[in-house]
Structures are given as C-alpha cells and as structure tokens.
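Engineer: Fold the following, please.
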Amino acid sequence: MRQINELTRALRKRLLNSSELANLPIRTRSKRAKQLVCEALNLPIPKSFAKTSPRLVAENLDVAVQKANNFQPWNTEIDPNRRYAFLILDRKDRVRDVKVLMGTEVIKYNTSPTLTSKYQAAFVNYDEPGVRVHGADTALVQGLLKAPPSGLLASDPCAGPDAGLLPLHEVAQRLSSLIGTTIVDPGADQERLRGQGLHEHVGRALGYTGHRDTGQHPDVPNQILEIKLQTSPTVDLGLVDPTSEGRLSPPFPDSLRHADTRYAVFGAAQASKALVRIVGITLVSGERFFEVFRRFGGLGVNSKLQIRLPTAWWL
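Structural biologist: Residues are numbered from 1 along each chain as shown. From the prediction side, this is the model:
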C-alpha cells in the first residue's frame, strides 16, 4: 500500500488539468473519478464499484470530487485510519489539484458532526414515455374536491387547497401537455436550478397566470402537489417520507397528512448539452408512492455529514 505522498504524486501526474469529469451527472462523475484513480494507481477497473468501505480497498482509499468545499459523505462516519482523495475541480470542471488526506486530518474540518438525513427511492423506468396515473386521490383529498370540480384555480399557486383543487386525473391531463417540453439545463450537477425551470412550466400547464414558489413541501400547495424531475433513477425525497401520517403544515387543513400529497414525477432525457426534454410523467399519491417507486434499503433514509474543506484549495 502506497504512502500518502506517493498516492498524491501518482494522482496528480494522471489527473491534473484533466477535463474527463466535465459535464457528467453527479453519479456518473463519481464512478468515472474512481475509474481514473484506479487507472492512475494501476489497479484493476471493475465494471461497477462494490459498496465497500473504503471503495478502493487495496489502497484503503475513498475518492471524492469537489467543485466546492462542502464535502458530504453519505451513510458513513469519517474513519481516522482511512485515506481520502479529493479531486478539486475548477469552474470549467478541470482538475485543478488533488489532495490526499488521512481521516484524522479530515475529521478536523468536521466542525458540525450532526447528520443530515433524507429519503430516497428508485425510479427504474424514469425515461419511459407517456403519462401514468397510479390509483386515485386519498380519501381525505377526495373529501376536499368539489363535485363537480369547478376547474377554476386560485390566482396564487401557494394558496391553500380550498379553491380550485383538481382531482388527480385532471392534474394528469393538464400536465400531459408538457410531454416533449424542453427545460434549460444549467449543468449536470445543478439539479435544484433545473427543478425550478420545471416548476414554472408546471404552473403554466395547470393554469396559473403567475409563478410563485415558497421553497417548501409540497411545491404547489394549492394542488397539494410535489414535483420531481428525473434524469436518473434516484428520486431524492428530502426529509419527508411520502407515506408519513405526519400532518402537513399551514396553509393545509389540519386533517391532511404527508401521505395525502400528490406526486408528479417527470422523467427526462438529455436533448442537448443545454436542454433536457420531458418524456414521461408518473402521478401517484404519497400513500401509494412506494407501490410505484422502490424504497431505498432499510427505511429508505440516507444520512450525510456536512464537512467544510479549506476554501484555499479553490483559490
């Protein structure tokens, strides 16, 4: 097993100024980085990397790609005896430096050891075309629907669901107009900004004249609707378990639970370097969410540390 200075020299020799990680989705970039590290260290390159701890057992080494100083290891504590290779990217996604540290050094940067947790699920057929509605609204949501529905929305998409609440099948019909729509893609690692673009399209398709976003769950309170844009199979659900019996906060009636939230999950494909195109939409209530999407292991919750690396590495 190499010493840290040997690891650093080998990785810098192979990777400095490399653009081989540019414009890759985050998970693809992570896999490609490990492949490049294996290549630099003359290690065999597997077709897929087993979820071992560490990932590169032969060198007791984990690899992280960092465009910013927020290092977020998932579902693991920092091992003081492990080595960590940080591939530092510049604004053009070129490798500007490589840092290899012992875990004892990384721990020093962990000034807030609190774990941040979030739920995740798998959407295997995220790129399947068409609109699919799984089941109907929950009984509680059906009780809020007017019969027949007026079809008239509140002027404010962030208002409560007492005005213009549409049944799930009507939401699906209106959103179906978005199939084939392209959305500006600010970059493979800018999922939040890409989601904001989708949010604006959804508002117009539903019939709202203006766009407003509180940044809270669910995205469109007036329709009790959470939206997700998928260009990969992993659905990040944040801090909310879709099937939870926990109560929704105002402006929702006290009776409504997280399980009553309706989910619209958009599958998209890369249309060009700067655009993604919507190819399919899946709609389902939170109550039935995990009948459609596979819950990630255990309770489906994953946790991460938030470690601030030295900003000087990027200067």
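Engineer: Please make it C-alpha for all contacts and neighbour counts, starting now.
Structural biologist: Will do.
Engineer: residue ranges with poor pLDDT in this protein?
Structural biologist: 75, 112-117, 147-154, 187-193, 297-303 (pLDDT under 70).
Engineer: just the helices in it please.
Structural biologist: 4-15, 26-40, 103-108, 139-144, 168-175, 191-206, 289-292 (DSSP state H).
Engineer: Quick one: closest of these to Gln306.
Structural biologist: helix 103-108 (11.2 Å; Cα to Cα).
Engineer: Flag every buried residue along that closest one.
Structural biologist: Residues of helix 103-108 classed as buried: 103, 106 (neighbour count, 16 or more other Cα atoms under 10 Å).
Engineer: how far does it sit from the chain's center?
Structural biologist: 27 Å (Cα atoms, centre = their mean, to the nearest Å).
Engineer: Same check on stretch 81-100?
Structural biologist: Centre to centre, stretch against its chain (Cα atoms, centre = their mean), the figure for stretch 81-100 is 22 Å.
Engineer: hmm, who's touching that stretch?
Structural biologist: 4, 7-8, 11-12, 15-23, 54, 60-67, 101-104, 313-314 (Cα atoms under 8 Å, 6 or more residues apart in numbering).
Engineer: Any idea what the most centrally placed residue in the chain is bridged to?
Structural biologist: Centroid-nearest residue in the chain: Asp236, 4.3 Å away (criterion: Cα atoms, centre = their mean). Beta bridges link Asp236 to Gln120, judged by DSSP bridges.
Engineer: I figured it hits Lys118, correct?
Structural biologist: Yes - assessed by Cα atoms under 8 Å, Asp236 is found in contact with Lys118 at 7.5 Å.
Engineer: Could you list the buried residues of stretch 308-315?
Structural biologist: Result for stretch 308-315 [16+ other Cα under 10 Å]: buried residues 308-309, 314.
Engineer: Those residues in strands, which ones?
Structural biologist: The strands, defined by DSSP state E, take in Arg308 from the buried residues of stretch 308-315.
Engineer: now the buried residues of stretch 308-315 as a markdown table including distance to Lys31?
Structural biologist: What follows is the buried residues of stretch 308-315, written out as a markdown table (distance: Cα to Cα, whole Å):
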| residue | distance to Lys31 |
| --- | --- |
| Arg308 | 23 |
| Leu309 | 22 |
| Trp314 | 22 |
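Engineer: Which of the contacts of stretch 81-100 are buried, as a PyMOL select command?
Structural biologist: A single PyMOL command is used to select the members of the contacts of stretch 81-100 judged buried by 16+ other Cα under 10 Å:
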select buried, resi 4+7+8+11+12+15+16+21+22+54+61+62+63+64+65+66+67+101+102+103+314
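Engineer: residues contacting Ile307?
Structural biologist: Ile307 makes contacts with 69-72, 109-112, as judged by Cα under 8 Å, 6+ apart.
Engineer: between the residues you listed, which is nearest His258?
Structural biologist: Among those, and counting by Cα to Cα, the member closest to His258 is Gln72, at 27.2 Å.
Engineer: neighbours of the closest one, just the number please.
Structural biologist: Gln72 has 17 neighbouring residues, counting by other Cα atoms under 10 Å.
Engineer: Repeat that for Ile227.
Structural biologist: 20.
Engineer: Ok, which of the helices of the chain comes nearest Pro129?
Structural biologist: helix 168-175 (13.6 Å).
Engineer: Now do the closest one against helix 191-206: the angle between them, please.
Structural biologist: Per axes from the mean of the first three to the mean of the last three Cα atoms, to 10 degrees, the angle that helix 168-175 makes with helix 191-206 is 100 degrees.
Engineer: What is helix 168-175 packed up against?
Structural biologist: strand 130-134, helix 191-206 (3 or more Cα pairs under 8 Å, 6 or more residues apart in numbering; DSSP states H and E).
Engineer: What residues of that helix count as buried?
Structural biologist: 168-169, 171-172, 175.
Engineer: Contacts only, for Met102.
Structural biologist: So Met102 contacts 80-84 (Cα under 8 Å, 6+ apart).
Engineer: again, but for Tyr126
Structural biologist: Counted by Cα under 8 Å, 6+ apart, Tyr126 has contacts 230-233, 266-268, 280.
Engineer: sorry, back to before: need the buried residues of helix 168-175 in a markdown table (columns: distance to His217).
Structural biologist: Listed next are the buried residues of helix 168-175 as a markdown table, based on distance: Cα to Cα, whole Å:
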| residue | distance to His217 |
| --- | --- |
| Leu168 | 18 |
| His169 | 21 |
| Val171 | 18 |
| Ala172 | 19 |
| Leu175 | 19 |
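Engineer: Okay, and the beta partners of Ala268?
Structural biologist: With DSSP bridges as the rule, Ala268 is bridged to Ile278.
Engineer: which residues touch it?
Structural biologist: Per Cα under 8 Å, 6+ apart, neighbours of Ala268: 126-127, 229-231, 276-280.
Engineer: Equivalent analysis for Ala33, please.
Structural biologist: So Ala33 contacts 21, 63-65 (Cα under 8 Å, 6+ apart).
Engineer: Great, nothing more from me.
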